[in-house]
Every structure is written in structure tokens, then in C-alpha cells.
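# Structure here, sequence nowhere to be found:
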């Protein structure tokens, strides 16, 4: 059997652990730079007129009018709370696949002698007691069925956030209960297609002949079809896959027109992504830089462009990437616009040991330098050392605005919860 | 035209070779007896996943010997039991209480426990 545990409105719940005054009240969390709403608890969702992913400036009045508390995203806090949950899960099963910041699959095979519903409740209670975070638990023979069980655990109040599909009757019943669009792995396009031919429930889908599924929905659809019928096709992935591309792009605190400041931001992001690259011992072959104005603004002239540079030899050296990034930025930058965002993305990622050099490659880069660089930054904090392009005093001009960020309660002594 | 000689550029012969380590002498006799330095969290933190730190910002709990600027170590995994203190939530705000005495037992039902206090760090 496979279980999936996911935290209910995770970001908002993390905030509420340290703010008991907000229990039962609407809370939303905003994206980086306070751009738009990315998470809301059930109280906030109940106020139907708060649309998700809507730019904040458009709905700020509504939020205030409805007494909604809003937070800037505090990923340091959410990440640390997430680690706690994942470590607790390891006490329940040696095999845990961390699927996202607030979701994990766990392997429950070999536990046939115990009541899995009790086990699910135990998991839920322990996480609540240890961390204060509410979770839902779905348990079933396959991943896709576990996802449905998890959905059912929350949608039907009587389930009390735990649902187990441990019999053929329960499986069939859940398939009738689940709409086709709620099935994990069936996207919008296929949902429409299936609805057109009169298949509305997950059960209807499983009654289609396999040949039809294979023909119209490829092997991915076939896997979903088999999983729903109780045949496990998706195993747990315990080792995180090395990332195929690493990127970052954040909006500026205010619109920028000068290339010097944009260069700085770009350099800062390159610094960040190359560190990630080195932490997984890989190198990148391509560096993409993109630049854009604020497309929500009606008054500003609009411009966006992107450029991808092929690096001579795959690298993870901050200085080389920086030089190339700067050149690339100069090629797409046009003066006279008010820029909102710059981003960088590294792709063509290969393991460090397998870098293919060209005939004329000079091994001038010193690996030791980057190692020391990373160690110092780990010890003394992010960006203690950075290429000279970064002028620390100016950083504020493009840095993210995080007006409403909560304290980093669990990672910084000066930020721990204060009571009086 | 007059040409003046300003001196020649010369390479520095004394190069630093910090990257290369040279081992000389008898190895430390303590090598086989090394242990890790005492780490406070071994004692104070029995359950990492459930441990939180909270700072006291006022003097309302001085009767419980908890003073301004003290840091509480809270272990949420523990049960509230006799002779312990806990951080609780009352009407949406935090409070600290001792485990109620026998005659006040019914209070326990209505208490919303946040976590049991295991240590108080007090700067002297």
C-alpha cells in the first residue's frame, strides 16, 4: 500500500502555528515581491470573491474589507516546517518520496497486519502535535488511487482527513465518486476529450478499452488507467532527480530603467543559481537571460526579450557565468523602458565529472576557489562573497519587496516568537 | 630624445604555497581520543521535530520565575503533566501556566495546549 500525506493550506497553516490569534480567520500568502495571492486557507477561500493568482494591487481593497490577513511568502519558514514534517514521516516508513514542499508519498507495504486507517490517524495526530500543522492522509494500493483517497479524506467531513482504499468495494465507490478532472495525471485537454465522449467519472474512464486509452492518451494515460484499476505502475522515487534546469526570476522592488542596476540583479541571480548547480555537482551548457517590462501596466511601453548563450564548455563557475550573463544582458537590453523583471535559467545540465571539453579548452578555472567561495557563504550567510559587480549598498533598489513577511521563527535567533 | 629607465618588472620569487600541506613531526597523541565538544542541544533538544524556541518580552510571568528576555525551550511532543509548565493559547493569545492542582483539574479540558516547557534559558 502507498500513502500520500499533504498539508492543508500549508503556507497559511505555517503562519497560523505562530499566530493563534488568526485561527479560524482568513489568511492569504503572497508570491515573491507581493505580486499575487499564491495560497489561501479555507476561510479565505470561502470568501469566493478572492481570486487566486490575481495581482494583489487589484484586490487589496477586498482583502482589507474582509479582514483578510496577508503575508509575504516566508520560504525559509515554510521550508523548515516542511523538513520537520518529512522527518516525522520517516518514523512511519523508511521509504518516503518528498513530492513537493507540502506533499509526500510513503511506502506502507508489509503492514498488512495493522489497521491502516488507525495508522493514518496516528500519522495525522503526530504531525499535528509535533508541528501544529494539519494534514490529510490517503492510503491505497497505487499512487493515483492514493491521490484520490487523499482528496476524499478532505472533501467528506466524516472521513476526518484520513481515507483508506483497502477493498474492491471502496475502490469502485471512490472511482464513481471522483470526477475525471480530479484524477492525478489527467490534464485539461484530456478531461474535455473524455467529457465529450460521455466519460465523466474516474470509473467511466477505467471502463474504456485499453487500446483506446493507449491510442488517444499515450503511455501516460495507460499508466493512469492501470493505476486506477489497482495495478501499481508508478513506484516511489526516493532519490531526488538532479534538476534538468535551474532558474530564478523575481520582480524588482520598483521598476528599473538603468542597465547597471539590472546587471546587478542579474549577477545576483547568477550567483544564486550557480551555487545550486555546484551543490548538486553539475555544470550547465546553456545560460538563458530574459528581461521584461510590467505587462499589467497600461501606461508603460512594453518590451520583453530573452537570449540563450551556449557556453564554450559546461561550467558551474560563477565568474564565467557572470561574464557571459552580462554580455547576454547587454544584447537584449534596450534603453527607454521601465523593466519589471530579469531572470536567468541554466540548462543542458551535466554531471561535473562528465564535462566534455573542447580541443582548445584551457583549464584555467580553479575548482578550489568556488569551493572556498561556497563554504564562506554557507558559514557567514548568503552573498557574503559575491562578484564585484554586486554593490551591496545599492541592492535595495531592485531587491524584492517583502512588506508583510513574518519572522523566520525557526531559523534565526533574533526572529524567534516573542510573547508578553 | 631621452629615454629614461624606470626599472624592470621582475617576477616575485617568493611564492606562497598555502595550497600544499607539508606533514612533518610526530602526529598528535590525542588523535585516538578525540571526542566532539559538548553540544547543548544534546541535552536541551530531545525531539528536534517538535522543538521550538520562544522569547519572553515582558514581566508578567515573574511569579513563575520566568523573566523578560528569557528563552523558553518548548517540546510539543510531551504530554502536559504534573510539575511541568506549558505554553497555552487562551482567547487567541499565548499564556504560560503551571499544571493545575487537583481541585482545578476540570480546567485541563478547556486548555488549548501549545507545548510543554522543558527549559528556561536565563542570562545572568
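In hand now; what should we look at? Small disclaimer: the values here were computed from a predicted structure and weren't measured.
# which residues does the residue lying closest to residue A:98 once chain neighbours are set aside form a beta bridge with?
In this structure, residue A:98 finds its nearest non-sequential neighbour in residue A:104, 5.1 Å apart by CB to CB, 6 or more residues apart in numbering or on different chains. C-beta here means a position set from N, CA and C on the backbone, and glycine is covered the same way. Here residue A:104 sits in beta bridges with residue A:5, residue A:98, as judged by DSSP bridges.
# Now do the contacts for residue A:104.
For residue A:104, the contacting residues are A:4, A:5, A:6, A:85, A:86, A:89, A:96, A:97, A:98, by CB atoms under 8 Å, 6 or more residues apart in numbering or on different chains.
# any chance of those residues in TSV, with neighbour count, distance to residue A:130 and pLDDT too?
Output for the contacts of residue A:104, formatted as TSV (neighbours: other CB atoms under 10 Å in any protein chain shown; distance: CB to CB, whole Å; pLDDT from 0 to 100):
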residue	neighbour count	distance to residue A:130	pLDDT
A:4	25	19	97
A:5	28	13	97
A:6	21	16	95
A:85	24	9	96
A:86	16	12	95
A:89	22	11	96
A:96	21	16	93
A:97	20	21	92
A:98	17	17	90
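# Going by distance to chain B, which of those residues wins?
Chain B lies nearest to residue A:85 out of those, by CB to the nearest CB, at 8.1 Å.
# Wait, the closest one touches residue A:7, no?
Yes: between residue A:85 and residue A:7 a contact is recorded at 6.6 Å, counting by CB atoms under 8 Å.
# Now for these two: what residues contact both?
Residues within reach of residue A:85 and of residue A:7 at once, by CB under 8 Å, 6+ apart, are A:102, A:133, A:135.
# Now the first one: closest residue in space that isn't a chain neighbour?
By that I understand residue A:102. Residue A:102's closest residue in space is residue A:10 (CB to CB, 6+ apart), at 3.7 Å.
# What segments of the stretch 251-400 of chain A are strands?
Per DSSP state E, counting those that start in this stretch, the stretch 251-400 of chain A carries strands over the ranges A:282-293, A:304-315, A:339-351.
# With respect to residue A:168, which of the ones you listed lies nearest?
Across the strands of the stretch 251-400 of chain A, residue A:168 has its closest neighbour in strand A:339-351 (44.6 Å, CB to CB).
# could you give the angle of the closest one to strand A:304-315?
Taking axes from the mean of the first three to the mean of the last three CA atoms, to 10 degrees, one finds strand A:339-351 and strand A:304-315 inclined to each other by 30 degrees.
# buried residues in strand A:339-351?
Neighbour counts over strand A:339-351 (16 or more other CB atoms under 10 Å in any protein chain shown) mark A:339, A:340, A:341, A:342, A:343, A:344, A:345, A:346, A:349 as buried.
# Same check on stretch A:245-254?
A:246, A:247, A:248, A:249, A:250, A:251, A:252, A:253.
# State which one residue of chain A is found closest to chain B.
Going by CB to the nearest CB, chain B is nearest to residue A:420 of chain A, at 3.2 Å.
# Mind listing the residues bridging to the nearest residue to residue B:65 once chain neighbours are set aside?
Leaving aside its sequence neighbours, residue B:65 sits nearest to residue B:120 (CB to CB, 6+ apart; 7.4 Å). On the basis of DSSP bridges, residue B:120 is bridged to residue B:72.
# what's the spacing between residue B:120 and residue A:307?
Residue B:120 sits at a distance of 58 Å from residue A:307 (criterion: CB to CB, to the nearest Å).
# again with residue A:194
For residue A:194, the distance to residue A:307 - CB to CB - is 41 Å.
# quick one: which of those two has more around it?
The neighbour count for residue A:194 versus residue A:307, taken as other CB atoms under 10 Å in any protein chain shown, is higher for residue A:194 (23 against 16).
# Apart from its chain neighbours, what residue comes closest to that one?
residue A:180 (5.2 Å).
# ok, now residue A:80?
Going by CB to CB, 6+ apart, residue A:80 has residue A:410 as its nearest residue, at 4.6 Å.
# May I ask you to confirm that the one you found is in contact with residue A:78?
No: in this structure, residue A:410 is not within contact of residue A:78 by CB under 8 Å, at 10.1 Å.
# So which residues on the stretch 301-420 of chain A come close to chain B?
Residues of the stretch 301-420 of chain A found near chain B (CB under 8 Å from any CB of the partner chain) are A:368, A:409, A:410, A:413, A:416, A:417, A:418, A:419, A:420.
# ChimeraX command to pick out the buried ones of those residues?
Command for ChimeraX that selects the buried part of those, burial taken from 16+ other CB under 10 Å:
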select /A:409,410,416,417,418,419
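# residue contacts, the nearest residue to residue A:90 once chain neighbours are set aside?
The shortest distance from residue A:90 to any non-neighbouring residue, by CB to CB, 6+ apart, is to residue A:96 (5.5 Å). Residues near residue A:96 by CB under 8 Å, 6+ apart: A:86, A:89, A:90, A:104, A:105, A:106, A:107, A:236, A:238.
# which one is the fifth one nearest to, not counting chain neighbours?
Distance criterion CB to CB, 6+ apart; nearest residue to residue A:105, sequence neighbours excluded, is residue A:97 at 4.3 Å.
# Just give the strands next to the helix or strand harbouring residue A:137 in its sheet, each with its orientation.
Per DSSP states H and E: residue A:137 is located in strand A:135-140. Strand pairing for strand A:135-140, determined by DSSP bridges: strand A:2-7 (antiparallel), strand A:162-164 (parallel).
# Show me what the helix or strand following the last one is in contact with.
Next helix or strand after strand A:162-164 toward the C-terminus (DSSP H and E): helix A:168-177. Surrounding helix A:168-177, the residues in contact under the criterion CB under 8 Å, 6+ apart are A:140-141, A:145, A:148-149, A:152, A:164-165, A:201-203, A:206, A:228, A:230.
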